[in-house]
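K.L.:
Provided below are the primary sequence and the corresponding predicted coordinates.
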Amino acid sequence: MVDIQQLFNGLSLGSLYALFAIGFALVFGILDRLNLAHPAVFAVAAYVGIDLVTSLSISVWLMLPVVFVVGALLGLVIERVAFRPLKNRPDAHFAGLISSIALAGVFIALLQGTYGPDTHRFPAEALPETTFTVAGAQISLVQVAILVISVLLVVALGFLVARTRLGRGMRAIAENPTAARVLGVNVDRVTATTFAISSALGAVAGALFALNVNTAQLGMGSAIELKGLAVIIVGGMSSLPGALVGGLLLGVAEVFTVQYIGSSWRDLVAFALLFLILVVRPQGLFGKRKVREV
């Protein structure tokens, strides 16, 4: 019989992985760029969220939209500083990747200079204490909020990409940036907006993660980076639904591994499961098989 408590714990954790990974998937799928400053945004958002609640005494729920805006602004900085100056280079993909790593180091250094190296936490009185009983399992309001917010943001992003003018511009750039420009798409504006949305989602994921574990550390982004990359590879590199499903699978696999095998096996079993999926379906769960043209 499935342990409802652990299942929900896994879904809650997995939704955070998915929300973080979708930032990777959005930029890579549309712009064909891998933004490795994304984990730094995740960490910055956690510290900023705790600071907002601690210094300004605002609620954790009001903190989330503020963090969303902060993340969007960081995304604009990343695009303008790390990627746009290199866009015309023949090695723009690799150069942008290295540049984003450097910018991530700058963000973390500024974070350490501002907040110090110590772990930061939310004030105890700021954390919601409401719990719900579902099939004998105790589920906290924070866990419910994490799952609901993550799924709603993923659905909203899917609607934006599929049904709006901005989304059509994104899809046109993903197919052919030169043709999109000829057709009147403002490529630079759409690119900047894509980075802003991507980082905003990563920032919300960072704040929710800190809220879930009540901990913010300088290295928290690096700890989740590999899992985010694994999630989008398994789901399909440019698939938003795939990132959601892949994140949930990874979260559930981790939680049940800890319960039934041991915490030291958590990463081994989880990533072994992901490799198994890739052996069966190399393009990922929702990815499309590419046909080589001759």
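P.N.:
Great, that's in hand. Numbering: from 1, shown residues only.
K.L.:
tell me the SS of Arg33?
P.N.:
coil (DSSP: H, G, I helix; E, B strand; the rest coil).
K.L.:
just checking, it touches Phe24?
P.N.:
No - contact criterion CB atoms under 8 Å: Arg33 and Phe24 do not qualify, at 10.0 Å. Every C-beta, even on glycine, is put in place using the N, C-alpha and C of the backbone.
K.L.:
so for those two, which sits in the more crowded spot?
P.N.:
More neighbours surround Phe24 than the other of Arg33 and Phe24, with 25 against 22 (other CB atoms under 10 Å).
K.L.:
on contacts alone, who are the packing partners of the helix or strand hosting that one?
P.N.:
Per DSSP states H and E: Phe24 is located in helix 4-31. On a contact count with 3 or more CB pairs under 8 Å, 6 or more residues apart in numbering; DSSP states H and E, helix 4-31 meets helix 38-56, strand 137-140, helix 141-163, helix 165-175, helix 187-213, helix 220-235, helix 240-260.
K.L.:
state the mean pLDDT of the last one.
P.N.:
Along helix 240-260, the predicted confidence averages to a pLDDT of 88.
K.L.:
buried residues in that helix?
P.N.:
240-258 (16 or more other CB atoms under 10 Å).
K.L.:
what angle separates it from helix 4-31?
P.N.:
Counting by axes from the mean of the first three to the mean of the last three CA atoms, to 10 degrees, helix 240-260 lies at 150 degrees to helix 4-31.
K.L.:
please save the CA atoms from stretch 237-255 in CSV.
P.N.:
Taking C-alpha atoms only, stretch 237-255 is exported to CSV below (Å, rounded to 0.1, in the frame of the first residue of the first chain):
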residue,chain,number,x,y,z
MET,A,237,14.8,19.2,-23.4
SER,A,238,12.2,21.6,-24.7
SER,A,239,9.1,20.1,-23.2
LEU,A,240,7.3,22.1,-20.4
PRO,A,241,4.9,19.2,-19.5
GLY,A,242,7.9,16.9,-19.6
ALA,A,243,9.7,19.0,-17.0
LEU,A,244,6.7,18.9,-14.7
VAL,A,245,6.3,15.1,-15.0
GLY,A,246,10.1,14.6,-14.7
GLY,A,247,10.3,16.7,-11.6
LEU,A,248,7.4,14.9,-9.9
LEU,A,249,9.0,11.5,-10.7
LEU,A,250,12.3,12.5,-9.3
GLY,A,251,10.8,13.9,-6.1
VAL,A,252,8.7,10.8,-5.4
ALA,A,253,11.6,8.5,-6.2
GLU,A,254,13.8,10.4,-3.7
VAL,A,255,11.3,10.4,-0.9
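K.L.:
rewinding a little: in the helix holding Phe24, which residues are buried?
P.N.:
Those would be 5-6, 8-31, for helix 4-31 by 16+ other CB under 10 Å.
K.L.:
could you list the low-confidence segments of the chain?
P.N.:
Scanning the chain for pLDDT under 70 picks out 1-2, 289-294.
K.L.:
please repeat the previous calculation with a cut-off of 80.
P.N.:
1-2, 134-136, 237-238, 269-271, 273-274, 287-294 (pLDDT under 80).
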